[in-house]
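Trainee: Below is the sequence, then the predicted model.
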Amino acid sequence: MPTIATVGGIAIVMHYNDHAPPHFHAKQAGIEFRVRIADLKLMRGDTAPTALEHTVRDWAQQHQQELAVCWARVQSGQHPGRILGP
């Protein structure tokens, strides 16, 4: 599961050949949650501390198109690449 970005100490990762809908995982200190790329909402059943969720969503909103490209890459078995910047 490649890390595509680190946001305020939170690792943003994607799994190869992961299930739909397109999403990414956010991980920090034993906490993990998944965020759908299309609408930036938490996946069903996931919870996250409010501050972490806001940090990740704010970042993802700025990089939504890049996240979609990363998803397409990992679904075809390619490395997703990195998303740089704030």
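Mentor: Yep, it's here.
Trainee: starting at the chain centroid, how far to stretch 69-86?
Mentor: 10 Å (CA atoms, centre = their mean, to the nearest Å).
Trainee: Next: stretch 33-44.
Mentor: Offset of stretch 33-44 from its chain centre (CA atoms, centre = their mean): 8 Å.
Trainee: what mean pLDDT does that stretch have?
Mentor: Stretch 33-44 shows an average pLDDT of 97 in the prediction.
Trainee: buried sites along that stretch?
Mentor: Within stretch 33-44, the residues that qualify as buried are F33, R34, V35, R36, I37, L40, L42, counting by 16 or more other CB atoms under 10 Å. Glycine gets a C-beta too; all of them are placed from N, C-alpha and C.
Trainee: Give me the distance between the third one and A72.
Mentor: In other words, V35. 17 Å (CB to CB, to the nearest Å).
Trainee: Please name the bridge partners of F33.
Mentor: Applying DSSP bridges to F33 gives these bridge partners: A26.
Trainee: Look at G85 and give its secondary structure.
Mentor: coil (DSSP: H, G, I helix; E, B strand; the rest coil).
Trainee: who are the neighbours in contact with it?
Mentor: Neighbouring residues of G85 by CB atoms under 8 Å, 6 or more residues apart in numbering: H63.
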